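Chemist: please find the sequence and the predicted model below.
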Amino acid sequence: MKGQARIVLKNKEEIARMRKAGRLAAMALREVVQAVRPGVTTLELDTIAETYIRAHGGVPSFKGYRGYPASICVSINDEVVHGIPSQRRLKRGEIVSIDLGVFVDGFHGDVAVTVPVGEVNKELLRLLECAREALYQGIAQAKPGNRLGDISVGDQACAEKCGFSVVREYAGHGIGRQLHEDPQVPNYGVPGTGIVLRSGMTLAIEPMVNLGGAEVVVGPDGWTVRTRDGLPSAHFEHTVAIGEEGPEILTRLPGDSLI
Ligand code: CO
């Protein structure tokens, strides 16, 4: 089967449950980000996330997913995505992406942010700002009648305007009762192409923006994705519901400037 046939549309009641999953994911991410500082180990961050999620009646979506061993992905500097938590301590001047998924009440929420560890240089701040902006440019296109390619192009154009590149090997995805549903949501594309977006679609949009080239490599652990040129990368993600009026970000806390 191809394209739209496999996309699961959500009704109002299901969107309401996804709102709950999205909110818990966002709250857990906030807890983790508040703990980011020089000296903390990435495993300590993982424990904070898992404890918080379970204390609020959820289950970490990533743990055990295709054998993934932890509750969050922690990707430092040139690590793009899927970094596995460890005894590694964060250092001042680094950037770190925290990616977190929650399953609650039958549905998943998926969210990621990249933040500085202590003070970082201006170039890194610009990378973070640009990657966040790329996410929001993509989200702005997520409305009925637009096409999937319009989201991708929103991401890509924004990243490339800054002189950075978007990763092509990894994409966003549909999300709902499954962490990964159709369609794939690439971060590059051609405007006006791809499936037509409809109210009731729920998508995780997640641009990965590299300071240097777009190429990536997977590390020996089989998970950690790095930039080929060793330059830093930033990753931002929101779970979004397409409504009649346009996109609703399910993983954003009202009044929270985190992402
Ligand atoms: Co995702």
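Modeler: Right, received. Where do you want to start?
Chemist: so what secondary structure elements neighbour the helix ranked longest in the chain?
Modeler: Longest helix of the chain, by residue count under DSSP state H: helix 12-35. Where contact means 3 or more Cβ pairs under 8 Å, 6 or more residues apart in numbering; DSSP states H and E, helix 12-35 is packed against helix 42-55, strand 95-104, strand 107-116, strand 238-243. Where C-beta positions appear, they are placed from N, C-alpha and C, glycine not excepted.
Chemist: centre of the chain to that helix, how far?
Modeler: 13 Å (Cα atoms, centre = their mean, to the nearest Å).
Chemist: thinking again about what came up before, closest to the ion out of the helices and strands packed on helix 12-35?
Modeler: strand 107-116 (4.1 Å; Cβ to the ion).
Chemist: contact partners of the helix or strand of the chain with the lowest mean pLDDT?
Modeler: Counting by mean pLDDT, DSSP states H and E, the chain has its least confident helix or strand at helix 148-161, which shows a mean of 93. Applying Cβ atoms under 8 Å, 6 or more residues apart in numbering, the contact partners of helix 148-161 are 130-131, 133-135, 137-142, 165-166, 183, 185-195, 197, 203, 205, 207, 209.
Chemist: mark which of these are buried, thanks.
Modeler: 130-131, 133-135, 137-139, 141-142, 165-166, 183, 185-189, 194-195, 197, 203, 205, 207, 209 (16 or more other Cβ atoms under 10 Å).
Chemist: related to what we said a few turns ago, touching the ion at all, the longest helix of the chain?
Modeler: No: Helix 12-35 lies out of reach of the ion by Cβ under 5 Å from the ion, never closer than 10.5 Å.
Chemist: now that helix and helix 42-55, what's the angle there?
Modeler: Counting by axes from the mean of the first three to the mean of the last three Cα atoms, to 10 degrees, helix 12-35 lies at 140 degrees to helix 42-55.
Chemist: would you mark the buried spots in helix 12-35?
Modeler: 14-15, 17-30, 32-33.
Chemist: can you narrow the buried ones among the contacts of helix 148-161 down to the ones near the ion?
Modeler: Answer for these near the ion: none qualify (Cβ under 5 Å from the ion).
Chemist: from those, which land in helices?
Modeler: Per DSSP H, the buried ones among the contacts of helix 148-161 map to helices at Cys130, Ala131, Glu133, Ala134, Leu135, Gln137, Gly138, Ile139.
Chemist: what is the nearest of the residues you listed to Glu245?
Modeler: Closest approach to Glu245 among these (Cβ to Cβ): Ile139, at 13.5 Å.
Chemist: quick one, what contacts the nearest residue to the closest one once chain neighbours are set aside?
Modeler: In this structure, Ile139 finds its nearest non-sequential neighbour in Pro247, 5.1 Å apart by Cβ to Cβ, 6 or more residues apart in numbering. By Cβ under 8 Å, 6+ apart, the contact list for Pro247 reads Ile139, Ala140, Ala142, Lys143, Val240, Ala241.
Chemist: returning to what we had before: reformat the ones in helices among the buried ones among the contacts of helix 148-161 as JSON lines; add pLDDT and distance to Glu50.
Modeler: Below are those laid out as JSON lines (pLDDT from 0 to 100; distance: Cβ to Cβ, whole Å):
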{"residue": "Cys130", "pLDDT": "97", "distance to Glu50": "31"}
{"residue": "Ala131", "pLDDT": "97", "distance to Glu50": "26"}
{"residue": "Glu133", "pLDDT": "96", "distance to Glu50": "31"}
{"residue": "Ala134", "pLDDT": "96", "distance to Glu50": "29"}
{"residue": "Leu135", "pLDDT": "97", "distance to Glu50": "25"}
{"residue": "Gln137", "pLDDT": "95", "distance to Glu50": "32"}
{"residue": "Gly138", "pLDDT": "96", "distance to Glu50": "29"}
{"residue": "Ile139", "pLDDT": "97", "distance to Glu50": "28"}
